[in-house]
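Colleague: 3D, please:
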Amino acid sequence: MGEDRLRTVAKWFKEELDKNGYSFQDAIARAASQVGFGSMTYWEPWIPELPVEVQGAHTRIDFIFTNPSGSVYLVCECKRSNPALSNWCFAQTWFKSSNSLFGKVYAESITDVGQGVLRSQIKEFASAENLYQIAVEVKSEQKGDSESDGRGQIEKAATQVCRHLNGLVNFLYTHTVLMRGRQQAAFVPVILTTANLWTTEIDLSSADIQSGKLNLEELPVHEAESLWYQYHQSPGLKHSCPVNYTAEKIDDILFYESVRPIAVVTPRGLERFLQSRMWR
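Modeller: Sure, this is the predicted structure:
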């Protein structure tokens, strides 16, 4: 009876660790710390489960990685997808902004503008071809997990990683000693997921205006290992650090204050993402 009870508890314990993403979080953190060890693109684990606050909301960041110079922080949110909705699909919108940041990867940053005075601004990294504005979950052939999120997984993960990002900006702005000796630190939001990523380059504006449907028998899609999702964060997620930019046009206000490119990365795409040329 004792051994049967032990096996039962062990089984349930393992199921809970897996369902709640603890196993995935530790496995992906370990894998990331081993990519490019000793090279210029090596990422060091900075600290796990860092408590931060933004707009009165408290949260803990899954884990953070920083490059050897400490100039870039990858703010990571691990998301084990619901098996029944494990296909995450991304498309591009017909709307194009006149803002120069529309087709680029950029990040929130803290900059020392002189004499230890810190301000928030935008740091550009590179132009991006795999940048999408529309994201939906699509059902798979796998059995669902009743305790995992249903529809809205992407939205929930994007909201959480932006809350982490802005909370970290507040944290470093408050603890100025951590910025000592550095002029700038950039913060990149990253969702690490077990989901399958799919993209389409189809022009959605080609849809039939009467039915609202695309006149296609089959949508052209491609599988991706990683991509960038251009997410519009709400004011309730924004940090309170003073800014070092002036926005006078609606496009500039939108991109400087709200739009944040989020890296969405699968385990298969982890190494390529971490060793991307943009980080050099």
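
Colleague: alpha carbons only for contacts and neighbour counts from here, please
Modeller: Fine.

Colleague: show me where the chain has strands.
Modeller: 44-54, 57-66, 72-79, 87-91, 104-112, 118-127, 131-132, 134-138, 184-193, 196-199, 222-224, 226-232, 259-265 (DSSP state E).

Colleague: give me the number of residues near the closest residue to residue 230 other than its chain neighbours?
Modeller: Once flanking residues are discounted, residue 230 sits nearest to residue 261: 4.3 Å by Cα to Cα, 6 or more residues apart in numbering. By other Cα atoms under 10 Å, the residues close to residue 261 number 26.

Colleague: In contact with residue 261, which residues are there?
Modeller: 105-107, 131, 189, 228-231 (Cα atoms under 8 Å, 6 or more residues apart in numbering).

Colleague: 7 Å instead, please
Modeller: Taking Cα atoms under 7 Å, 6 or more residues apart in numbering, we find residue 261 in contact with 105-106, 228-231.

Colleague: Let's see if you can find the most crowded of those.
Modeller: Ranking the contacts of residue 261 using other Cα under 10 Å puts residue 229 first, with 26 neighbours.

Colleague: Distance-wise, check that residue relative to residue 104.
Modeller: Separation of residue 229 from residue 104 (Cα to Cα, to the nearest Å): 11 Å.

Colleague: what residue ranges in the protein score low on pLDDT?
Modeller: 1, 38-40, 141-150 (pLDDT under 70).

Colleague: Can you check which helix is longest in it?
Modeller: helix 153-174 (DSSP state H).

Colleague: hmm, back to that, the residue nearest to residue 230 and residue 194, how far apart?
Modeller: 20 Å.

Colleague: coming back round to it: which positions within the longest helix of the chain qualify as buried?
Modeller: 153-154, 157-173 (16 or more other Cα atoms under 10 Å).

Colleague: and it, what does it pack onto?
Modeller: Judged by 3 or more Cα pairs under 7 Å, 6 or more residues apart in numbering; DSSP states H and E, helix 153-174 is in contact with strand 44-54, strand 72-79, strand 184-193.

Colleague: Measure how that helix sits relative to strand 226-232, angle-wise.
Modeller: 80 degrees (axes from the mean of the first three to the mean of the last three Cα atoms, to 10 degrees).

Colleague: picking up where we left off before, which one of the helices and strands packed on helix 153-174 lies nearest to residue 274?
Modeller: Between residue 274 and the helices and strands packed on helix 153-174, the shortest separation by Cα to Cα is 9.6 Å, and it involves strand 72-79.
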